[in-house]
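Engineer: Below is the sequence, then the predicted model.
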Amino acid sequence: MLKLHNLKMRYPNGDGLDGVNLEVRNGEFVYLVGPTGAGKTSVLKLIYMEEFPDEGYVLVDEYSSQDIRDKEIPYLRRKLGIIFQDFKLLEDRDVFENVAFVLRVTGARSRDIKKKTLRALGEVGLSHKSRKMPEELSGGEQQRVAIARAIVNEPFILLADEPTGNLDPKTAVEILSLLDKLNARGTAVLMATHNYELVNNTSKRIVSIKNGRTLN
Amino acid sequence: MSLFFVLREGFGGLRHSRFSGFVATATVAISLILIGIFLIITVNLGKFVQFLRSRVELEVFLDDSFDEIKIQDLTDEIKRMEGVANLTFISKEMAIREFQNLFKDKQEDYFETLGYNPLPASFRVKLQDNYRTASGAEVVFKSLSSLEDIREEDIVYTREYLVILEKYIKFAIAIDFIVGIIVCLSALLLVSNNIRLIILSKNKIIETMKLVGATNFFIRTPLFIQGIVQGFLGGIISALFLYTLLKLAAIEIPGFISVDWRIYLLLANLGILLGFAGSFAAVRRYL
């Protein structure tokens, strides 16, 4: 379960969040839609606790922004799957190791790591490119690796920050259907986007954010 | 988290950052060569000082009227004195032989000309290690001059030599100390800076690792391993370089300087320490 309650946060430049309320139930797909600079990325950063609110609180499973300790943050992030616009792949290792890394940090056994990593790569249709380096892949493929990395640990929610922002329309649709597929299997998804066209005909819940405030 | 993976990350990091790894290793090696040279100079300076001090002795000239019993009494008394290690009795005859040996190239025999032996008998008093200083020698000098029948002017020792020696030893030790600290600090700074550059070059990777749930320990340990391995390699290279250099020097100038093999061991260990301390400082500051 994910809950954001009345979040307020001020940036050094004077802007900030001014009342963000959001709840994502298990298995739900929610779009967080708003123009550039509305505070979407900040909301996601508050969820994976890269930043902390001045007021209000974030609840992620058993972790609360009000009392989480620094050393607990990595364990919170292991419950989440995060996908970024710029993919954020580890450039110093191949596709397999990028995905496996998430399991290695948890101390999983190498047999399980191999099995789960290959399964995740299979889900995104990249089993055949497991030994390629990130720079050898197209943008869409890189984003699919990032998705495989996000799901390999079986998180209860995927946080996607403009996951199609750097992709052409055709690849963007492919990535969206991949997220749909994962959601259909029970993983909640919170996707931030400024692309209204993308959500025009969706049946999924849409939460708008404008000037640092969520609107119902 | 498996130890094997952390080790693999550390060694893998070395492979991925070959150039910066090479720079870091070379930096450690050069620093340690400087430290090694500094250590060898220090050790040999110490040995030289020890040698100079071992030559410090007081000579007590005896009156011709002293008989064997008197000389034996004085011998016993001096041996018991504070600061005296041992003493040698030089009879009048031995003094002549020494004199003749010293001036054997001269054709003239002064003693035949004189018709008698003018050289007095004497004691040569060697000092205990911790009395081989100007103040230590002064203590023994005072004890000797307080003896009955021995006058101050009968006692000779190189007082000025000791004072000058000590002045220069103090100066050399101070220079040694300052140079040592500067070399060590520079080495530490260079290593730390290198690890800092590695961290900066891996900034994006480290940020991503944190975002996918890696703990600080998981991120830092491979960097420590890299620092330690680079330090160790630097230590080995510096030891091999110095060994070769000194071997070549020894061929050119036999008995040039002596080096304890433990210095090489020390350099390797110092390399590990520098690598660890450097990476620790950088990691603490930049991660």
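Structural biologist: Structure received.

Engineer: For the residue most central in space within chain A, list the residues it contacts.
Structural biologist: The centroid of chain A falls nearest to A:Leu159 when counting by Cα atoms, centre = their mean (2.2 Å). Residues near A:Leu159 by Cβ atoms under 8 Å, 6 or more residues apart in numbering or on different chains: A:44, A:47-48, A:80-83, A:190, A:192. Where you see a C-beta, it was placed from the backbone N, CA and C, and this is true even at glycine.

Engineer: Out of the helices and strands in chain A, which is least certain?
Structural biologist: helix A:196-199 (a mean of 86; mean pLDDT, DSSP states H and E).

Engineer: Output the contacting helices and strands for that one.
Structural biologist: In terms of contacts (3 or more Cβ pairs under 8 Å, 6 or more residues apart in numbering or on different chains; DSSP states H and E), helix A:196-199 is packed against strand A:29-33.

Engineer: tell me the domain ranges of chain A?
Structural biologist: A:1-79+A:156-216, A:89-154 (automatic domain parsing).

Engineer: do the same with chain B
Structural biologist: B:3-51+B:166-286, B:57-157.

Engineer: ok, and the closest non-adjacent residue to A:Asp86?
Structural biologist: For A:Asp86, ignoring the flanking residues on the chain, the nearest one in space by Cβ to Cβ, 6 or more residues apart in numbering or on different chains is A:Asn166 at 6.6 Å.

Engineer: What residues of the least confident helix or strand of chain A count as buried?
Structural biologist: A:198-199 (16 or more other Cβ atoms under 10 Å in any protein chain shown).

Engineer: mind checking how far that helix is from the chain centre?
Structural biologist: 18 Å (Cα atoms, centre = their mean, to the nearest Å).

Engineer: helix or strand right after it?
Structural biologist: Downstream of helix A:196-199, the next assigned helix or strand under DSSP states H and E is strand A:205-210.

Engineer: so that next one versus strand A:29-33, what angle?
Structural biologist: 20 degrees (axes from the mean of the first three to the mean of the last three Cα atoms, to 10 degrees).

Engineer: In strand A:205-210, which residues are buried?
Structural biologist: For strand A:205-210, using 16+ other Cβ under 10 Å, the buried residues are A:207-209.

Engineer: what's A:Lys204 sitting at in phi/psi?
Structural biologist: phi -80, psi 160 (degrees, to the nearest 10).

Engineer: For it, give me its contacts.
Structural biologist: A:Lys204 neighbours (Cβ under 8 Å, 6+ apart): A:29-31.

Engineer: Please type out the ChimeraX selection for whichever of those turn out to be buried.
Structural biologist: The buried residues among these can be selected in ChimeraX (16+ other Cβ under 10 Å) with this line:
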select /A:29,30,31
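
Engineer: out of the contacts of A:Lys204, who's nearest B:Ile96?
Structural biologist: A:Val30 (113.8 Å; Cβ to Cβ).

Engineer: the strands in chain A, which residues?
Structural biologist: Using DSSP state E, the strands found in chain A span residues A:2-10, A:16-24, A:29-33, A:55-60, A:63-64, A:80-83, A:157-161, A:188-193, A:205-210, A:213-215.

Engineer: Look up the pLDDT of the residue in the stretch 51-200 of chain B that chain A sits nearest to for me, please.
Structural biologist: Per Cβ to the nearest Cβ, B:Ile198 is where the stretch 51-200 of chain B lies closest to chain A, at 11.6 Å. On pLDDT, B:Ile198 comes in at 77.

Engineer: which stretches of chain A have low pLDDT?
Structural biologist: Applying pLDDT under 70 to chain A flags the ranges A:216.

Engineer: what does it put close to chain B?
Structural biologist: For chain A, the contact set with chain B under Cβ under 8 Å from any Cβ of the partner chain comprises A:48, A:50, A:71, A:74-75, A:77-78, A:82, A:88-93, A:101-102, A:104-107, A:110, A:149, A:153.

Engineer: And the residue lying closest to A:Asp180 once chain neighbours are set aside, how close does it get to chain B?
Structural biologist: Nearest non-adjacent residue to A:Asp180, counting by Cβ to Cβ, 6+ apart: A:Phe29, 7.5 Å away. In this view, A:Phe29 and chain B are 22 Å apart by Cβ to the nearest Cβ, to the nearest Å.

Engineer: residues contacting A:Phe29?
Structural biologist: A:179-180, A:183, A:188-189, A:191, A:204-205 are the contacts of A:Phe29 under Cβ under 8 Å, 6+ apart.

Engineer: quick one: which of these is most hemmed in?
Structural biologist: A:Met191 (26 neighbours; other Cβ atoms under 10 Å in any protein chain shown).

Engineer: now it, which residues is it bridged with?
Structural biologist: For A:Met191, the beta-bridge partners are A:Tyr31, A:Ala160 (DSSP bridges).

Engineer: Is it correct that it is in contact with A:Val30?
Structural biologist: Yes: contact criterion Cβ atoms under 8 Å: A:Met191 and A:Val30 qualify, at 7.4 Å.

Engineer: quick one, strands of chain B?
Structural biologist: Using DSSP E, strands in chain B cover B:57-61, B:84-90, B:122-127, B:155-156.

Engineer: Could you dump these into JSON lines with mean neighbour count added?
Structural biologist: Listed next are the strands of chain B as JSON lines, based on neighbours: other Cβ atoms under 10 Å in any protein chain shown:
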{"stretch": "strand B:57-61", "mean neighbour count": "20"}
{"stretch": "strand B:84-90", "mean neighbour count": "16"}
{"stretch": "strand B:122-127", "mean neighbour count": "20"}
{"stretch": "strand B:155-156", "mean neighbour count": "16"}
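
Engineer: about what we covered before: columns distance to B:Ile228 on top of the contacts of A:Phe29, output as a markdown table?
Structural biologist: As requested, these are arranged in a markdown table below (distance: Cβ to Cβ, whole Å):
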| residue | distance to B:Ile228 |
| --- | --- |
| A:Leu179 | 43 |
| A:Asp180 | 48 |
| A:Asn183 | 46 |
| A:Ala188 | 43 |
| A:Val189 | 43 |
| A:Met191 | 44 |
| A:Lys204 | 52 |
| A:Arg205 | 52 |
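
Engineer: Tell me the one of those nearest A:Leu17?
Structural biologist: For these, the nearest to A:Leu17 is A:Met191 (18.4 Å; Cβ to Cβ).

Engineer: which residues sit in contact with the closest one?
Structural biologist: A:29-32, A:158, A:160, A:163, A:179 are the contacts of A:Met191 under Cβ under 8 Å, 6+ apart.

Engineer: Give the residue spans of the stretch 1-150 of chain B that score low on pLDDT.
Structural biologist: B:1-2, B:16-17, B:105-110.

Engineer: got the residue ranges for the helices in it?
Structural biologist: In the stretch 1-150 of chain B, the helices defined using DSSP state H, counting those that start in this stretch lie at B:3-16, B:18-54, B:68-79, B:92-102, B:110-114, B:134-145.

Engineer: And for the fourth one, what's in contact with it?
Structural biologist: This means helix B:92-102. Outside helix B:92-102, the residues touching it (Cβ under 8 Å, 6+ apart) are B:64, B:90, B:109, B:111, B:117, B:119-122.
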